[in-house]
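**Student:** Could you work out the structure for the sequence below:
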Amino acid sequence: MGKTMREALDISAYLVVGPENTEGRPVREIVRAALHAGFTCVQIRSKEASARELIALLGEAAEEIAAAGASERVALLADDRLDVVLAARKMGIKADGVHVGQSDVPPEICRAYLGKDAVVGLSARTDELLAYVRDADTSAVDYFGAGPLHETATKPDCGLDAQGNIITRSFEEIAELARTSKIPVVVGGGVKRADIPALAKTGVDGFFVVSAVAGAQNPEQAAAELVKAWRENIRKL
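**Tutor:** Predicted coordinates for the structure are as follows:
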């Protein structure tokens, strides 16, 4: 019997994309480019798309993953919307799980609805991050998403403290986070190719990007450069 997606999960090169990120190009085009370049995880995220649009986007992404022969190794997730994942699955779309934030449906509820083989990711709380990661109950969670590394236009509310100030993460903090966390960690928020060597050295399990691929003039080339940089730097460790 093959591995479940939860067991096969690879968050080393993680694409986050929605229609507002693609410079007017179809989302599936960006997903296809990232898959050809070796990306290992895809998350559909949009604060503008309706539930039906999100289901359609999951369907298109699932088709691209299947066409790449990657349905058993590339996880397809939806940001925030447990309802959309459940609906997509009911419609026969291979949606593998959900990524939730601190104010979304709790991960243990997502796990209860999606089952033991699904992937559930959780955004690590920005303020008091290390204490949270150290003490959090991660029994229902497969990985933490952390950031931002830099201020980012695609998610301007990312990493706000209680006063509304943007908190970005230094490589030292990220390294401590990787050491502290009981589960894998993926880091994003304005990540560019130049960040990859230092990010790989922190010991995290991967990087996530939006604009670096979805907003690139040549998405496949940009994605391939990121994957190559990550693999080269991981090999050096």
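
**Student:** Just to check, Ile234 is in contact with Ala200?
**Tutor:** Yes - judged on CB atoms under 8 Å, Ile234 makes contact with Ala200 at a distance of 5.4 Å. For every residue, glycine as well, the C-beta is placed using N, CA and C.

**Student:** When these two are compared, which one has more neighbours?
**Tutor:** Ala200 (21 against 14; other CB atoms under 10 Å).

**Student:** shouldn't the more buried one be in contact with Lys228?
**Tutor:** No - in this structure, Ala200 is not within contact of Lys228 by CB under 8 Å, at 11.9 Å.

**Student:** list the buried ones in the helix or strand bottoming out on mean pLDDT in the chain?
**Tutor:** Within the chain, no helix or strand scores below helix 129-135, which has a mean of 82 by mean pLDDT, DSSP states H and E. For helix 129-135, burial by neighbour count (16 or more other CB atoms under 10 Å) applies to 129, 132-133.

**Student:** same check, this time on stretch 81-92
**Tutor:** 81-82, 84-89.

**Student:** Any chance of a markdown table for these, columns distance to Phe171, secondary structure and pLDDT?
**Tutor:** Shown next, in a markdown table, are these (distance: CB to CB, whole Å; DSSP: H, G, I helix; E, B strand; the rest coil; pLDDT from 0 to 100):
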| residue | distance to Phe171 | secondary structure | pLDDT |
| --- | --- | --- | --- |
| Arg81 | 32 | coil | 98 |
| Leu82 | 33 | helix | 98 |
| Val84 | 34 | helix | 98 |
| Val85 | 33 | helix | 98 |
| Leu86 | 38 | helix | 98 |
| Ala87 | 40 | helix | 98 |
| Ala88 | 37 | helix | 98 |
| Arg89 | 38 | helix | 98 |
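
**Student:** Just give me the closest of these to Asp205.
**Tutor:** Val85 (22.3 Å; CB to CB).

**Student:** isn't the closest one right next to Ala78, touching?
**Tutor:** Yes - the criterion here is CB under 8 Å, and Val85 meets it with Ala78 at 5.0 Å.

**Student:** where do the contact lists of those two overlap?
**Tutor:** The contact sets of Val85 and Ala78 overlap at 58, 95, 97-98 (CB atoms under 8 Å, 6 or more residues apart in numbering).

**Student:** Tabulate these in CSV, adding columns for distance to Gly24.
**Tutor:** Output for those, formatted as CSV (distance: CB to CB, whole Å):
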residue, distance to Gly24
Leu58, 20
Ala95, 25
Gly97, 29
Val98, 27
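
**Student:** what's the strand or helix carrying Arg52 in contact with?
**Tutor:** Using DSSP states H and E, Arg52 sits in helix 51-67. If you take CB under 8 Å, 6+ apart as the criterion, helix 51-67 is touched by 18-19, 26-28, 31-32, 35, 42, 44, 46, 49, 71, 74, 76, 78, 81, 83-85, 87-88, 91, 93-95.

**Student:** and that helix, which residues are buried?
**Tutor:** 53-65.

**Student:** what does stretch 184-195 give?
**Tutor:** 184-192, 195.

**Student:** Can you name the residues bridging to Phe207?
**Tutor:** Beta-bridge pairing of Phe207 under DSSP bridges involves Ala13, Val187.

**Student:** And for it, the neighbour number?
**Tutor:** 27.

**Student:** same deal with the one 10 residues further on?
**Tutor:** Counted with other CB under 10 Å, residues neighbouring Gln217 total 7.

**Student:** got a list of what Thr40 touches?
**Tutor:** Thr40 is in contact with 10-14, 73-75, 206, counting by CB under 8 Å, 6+ apart.

**Student:** how about those in JSON lines, adding distance to Ala222 and pLDDT?
**Tutor:** As requested, those are exported to JSON lines (distance: CB to CB, whole Å; pLDDT from 0 to 100):
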{"residue": "Asp10", "distance to Ala222": "20", "pLDDT": "98"}
{"residue": "Ile11", "distance to Ala222": "19", "pLDDT": "98"}
{"residue": "Ser12", "distance to Ala222": "16", "pLDDT": "98"}
{"residue": "Ala13", "distance to Ala222": "12", "pLDDT": "98"}
{"residue": "Tyr14", "distance to Ala222": "14", "pLDDT": "98"}
{"residue": "Arg73", "distance to Ala222": "22", "pLDDT": "97"}
{"residue": "Val74", "distance to Ala222": "18", "pLDDT": "98"}
{"residue": "Ala75", "distance to Ala222": "21", "pLDDT": "98"}
{"residue": "Gly206", "distance to Ala222": "16", "pLDDT": "98"}
